[in-house]
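Colleague: quick one: sequence and predicted model below, then my questions.
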Amino acid sequence: MRTASLICTAALLSWNATASAADYVAMSGQELYGRFCASCHGMTGRGDGPVASSFKVEVPDLTLIARRAQGSYPRDRIERIIDGRFVVGAHGSRTMPVWGEDLSRLEIGNPDAERATRVIIGRLADYVWLLQKPSAEN
């Protein structure tokens, strides 16, 4: 668990600690994914990022989300998981960074920062949708 905590801390420090959500709002979903998610989930979303093997729990394969949800991509749930400020019981332990809090932390109470955070999280959720493998029937 200590190793996972250190890795998450390193991931958080790898992005500019003085940057706000507004600094990232111009980035595409793919760019945001590469910046915030790929170190654990891998560039293709299969849970094979460079730090994934350091965790005691398996990093989820993001390409199978829709398949596990009977063919429907649960976008709202994925946004809540990425945001992390709202408890999602089925998500398990909180080893994944709380991106909603981290992105808006520098400007707590600023409605523009919160809007920018929601845009970023929405773009990440959209990009994860693009990573989905087709269902077995297709």
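Modeller: Now that the structure is in, tell me what you want to look at.

Colleague: you'd agree Tyr127 is up against Arg35?
Modeller: No: counting by Cβ atoms under 8 Å, Arg35 is not a contact partner of Tyr127; they are 11.3 Å apart. Heads up, the C-betas are built off the backbone N, CA and C, glycines and all.

Colleague: which element is the spatially most central residue of the chain on?
Modeller: Geometric centre of the chain, nearest residue: Ile82, 4.3 Å, by Cα atoms, centre = their mean. In the assignment (DSSP states H and E), Ile82 maps to helix 75-83.

Colleague: please report phi then psi for Glu58.
Modeller: phi -70, psi 130 (degrees, to the nearest 10).

Colleague: quick one: residues contacting it.
Modeller: Going by Cβ atoms under 8 Å, 6 or more residues apart in numbering, Glu58 touches Gly47.

Colleague: list the contacts of the residue nearest to Val128 when sequence neighbours are not counted.
Modeller: Residue nearest to Val128 in three dimensions, not counting chain neighbours: Leu62, with 5.3 Å by Cβ to Cβ, 6 or more residues apart in numbering. Contacts for Leu62 (Cβ under 8 Å, 6+ apart) come out as 37, 41, 45-47, 128, 131.

Colleague: tell me the spacing between the residue nearest to the centre of the chain and Gly34.
Modeller: 14 Å (Cβ to Cβ, to the nearest Å).

Colleague: and if you look at Ile78?
Modeller: Taking Cβ to Cβ, one finds Ile78 at 17 Å from Gly34.
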